[in-house]
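Participant: predicted structure and sequence below. I'll ask about it afterward.
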Amino acid sequence: MSPPRTGQGLLWLGVVLSSVCVALGSETQANSTTDALNVLLIIVDDLRPSLGCYGDKLVRSPNIDQLASHSLLFQNAFAQQAVCAPSRVSFLTGRRPDTTRLYDFNSYWRVHAGNFSTIPQYFKENGYVTMSVGKVFHPGISSNHTDDSPYSWSFPPYHPSSEKYENTKTCRGPDGELHANLLCPVDVLDVPEGTLPDKQSTEQAIQLLEKMKTSASPFFLAVGYHKPHIPFRYPKEFQKLYPLENITLAPDPEVPDGLPPVAYNPWMDIRQREDVQALNISVPYGPIPVDFQRKIRQSYFASVSYLDTQVGRLLSALDDLQLANSTIIAFTSDHGRQSMDLVELVSLFPTLAGLAGLQVPPRCPVPSFHVELCREGKNLLKHFRFRDLEEDPYLPGNPRELIAYSQYPRPADIPQWNSDKPSLKDIKIMGYSIRTIDYRYTVWVGFSPDEFLANFSDIHAGELYFVDSDPLQDHNMYNDSQGGDLFQLLMP
């Protein structure tokens, strides 16, 4: 992971990419619940493509790489908002944040916006046993404190008991004392309960697979892993895989040329960690010391390798139980910096439904607040090239016609203490991004949280990056372009 740094970190909050792997255990579609394909949906928190399957030469991720080697691997998959709760609600309902009206962590879409169906709910209504393990929906108000149960799940979701220690003082520092640090390699036997959340989630998921081995019904199992989300709390043996002398710095640590202040991410969540506080970094633009940047990247990579071992255990169990050949496996991150054509995470709903042989939900009308079952994402079945699967007529044939949309809220034109994740009532500006194969275009406009309404005539700032010549998006060309006209032309 690039360390949280000036400017560049924001770019991947405005337009966030995430990886999506889909593996088919069978080349034929199921026609009834007796021969229906199972679904294993693996959701990872804050994973960017620091993986071998994306060409990373340093990171060790053999299990995920093996899955990717016989999967359809998307290299240009975009989340619709780079915050956990809004992103998960968006792709699990197949609706965009402006439809779920969830931009923070503080409301439940069924009450706040509309009684929208979810992916697991749709599978449940079609005869599947649906199960949730770990962080699938974001816990709390945004999923009604129940992970959307009983709508989405056949029985109450499972959360690991050690989850509650993630942000507590369990990190032993150089002084021998326990701290709530960003960097937190641990001796697992020394932490509360002698285990970690992702280890518990894997064990629970394997137990559920064992039970489903003899079930007459197909299953939809969603497993949500916490890592590599901060804090980087992982078994310390994984740190040894990445000696600090092998860790390079991010390729572009400076603020991008012409970056508007509204687009800058001050990473306030990270600043709250004790080891980061001890650095006394000035707010908001102060740089992180170089040696600490290397340590952040080391711990991120170690967290990815730890995650990879959990994925490996889960996939091995699927094989051992002889379930792999009858199971669709989908692997995705909720957000994180990340070929194929450009795709969006809202396409996960119609695509999984189609792959499982279920009727693909219809496209949503505009607006769709009154429609319980529809989807705003495109059906990606054409990429699997199955002759017996109906292609989505809305998929364009010319890759230059493909567009991915995302958005991000801000409380003000300049960095604030809550710029990372403002509450709805504090959102004054909304950034809307368009990503094509040629460019990324973002416009920051006035927003009314009371009316959930963006005012595109009230433009506060803009960004335009030509990704062919500027792949790291370091040179904002907005002020040299006719940005407003372009944005109006491309908005859906």
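Facilitator: Alright, I've got the coordinates. Residues are numbered from 1 along each chain as shown.
Participant: so which bits of stretch 96-109 are buried?
Facilitator: Buried residues in stretch 96-109, counted by 16 or more other CB atoms under 10 Å: 96-105, 107-109. In short, each C-beta sits where N, CA and C put it, glycine included.
Participant: what's the burial count for Y264?
Facilitator: Y264 has 23 neighbouring residues, counting by other CB atoms under 10 Å.
Participant: typo on my end, V360
Facilitator: That count, for V360 with other CB under 10 Å as the rule, works out to 18.
Participant: repeat that for Q75.
Facilitator: Neighbourhood size, Q75 [other CB under 10 Å]: 17.
Participant: for the nearest residue to S423 once chain neighbours are set aside, give me its contacts.
Facilitator: Leaving out its chain neighbours, the residue that sits closest to S423 by CB to CB, 6 or more residues apart in numbering is D104, at 5.0 Å. D104 is in contact with V83, A85, P86, P409, K421, P422, S423, L424, I427, counting by CB atoms under 8 Å, 6 or more residues apart in numbering.
Participant: show me which of those residues are buried.
Facilitator: Buried by 16+ other CB under 10 Å: V83, A85, P86, P409, K421, P422, L424, I427, out of the contacts of D104.
Participant: where's the first one relative to S406, distance?
Facilitator: Between V83 and S406 the distance is 11 Å, computed by CB to CB, to the nearest Å.
Participant: using the three-state scheme, assign the residue nearest to S423.
Facilitator: Of the three states, D104 takes coil under DSSP: H, G, I helix; E, B strand; the rest coil.
Participant: from the contacts of D104, which land in helices?
Facilitator: Cross-referencing the contacts of D104 against helices under DSSP state H gives A85, P86.
Participant: what ranges does the stretch 351-492 of the chain have for its helices?
Facilitator: Ranges of helices in the stretch 351-492 of the chain, per DSSP state H, counting those that start in this stretch, are 483-490.
Participant: ranges for the strands of it?
Facilitator: With strands called from DSSP state E, counting those that start in this stretch, the stretch 351-492 of the chain shows them at 404-410, 429-435, 439-448, 453-466.
Participant: looking at those strands, which is buried most?
Facilitator: Ranked by mean neighbour count under mean count of other CB atoms under 10 Å, the strands of the stretch 351-492 of the chain are led by strand 404-410, which reaches a mean of 26.
Participant: where does the protein have low pLDDT?
Facilitator: Counting by pLDDT under 70, the chain contains low-confidence residues at 1-34, 335-341, 385-401, 481-492.
Participant: need the residue closest to the centroid of this protein.
Facilitator: Centroid-nearest residue in the chain, with CA atoms, centre = their mean: D334, separated by 1.2 Å.
Participant: ok, and the closest non-adjacent residue to that one?
Facilitator: Spatially, and ignoring its direct neighbours in sequence, D334 is nearest to S87 (4.6 Å; CB to CB, 6+ apart).
Participant: ok, the buried ones among the contacts of D104 vs L355, which is closest?
Facilitator: Proximity of the buried ones among the contacts of D104 to L355 (CB to CB) peaks at P86, which lies at 25.4 Å.
Participant: and Q66, how many residues sit next to it?
Facilitator: Q66 has 17 neighbours, counted by other CB under 10 Å.
Participant: what's the answer for L279, then?
Facilitator: Neighbours of L279 using other CB under 10 Å come to 12.
Participant: ok, it touching P289?
Facilitator: Yes. L279 lies in contact with P289 (CB atoms under 8 Å); the separation is 6.3 Å.
Participant: C374 contacts V366, correct?
Facilitator: No. Applying CB under 8 Å, one finds C374 not in contact with V366, separated by 10.5 Å.
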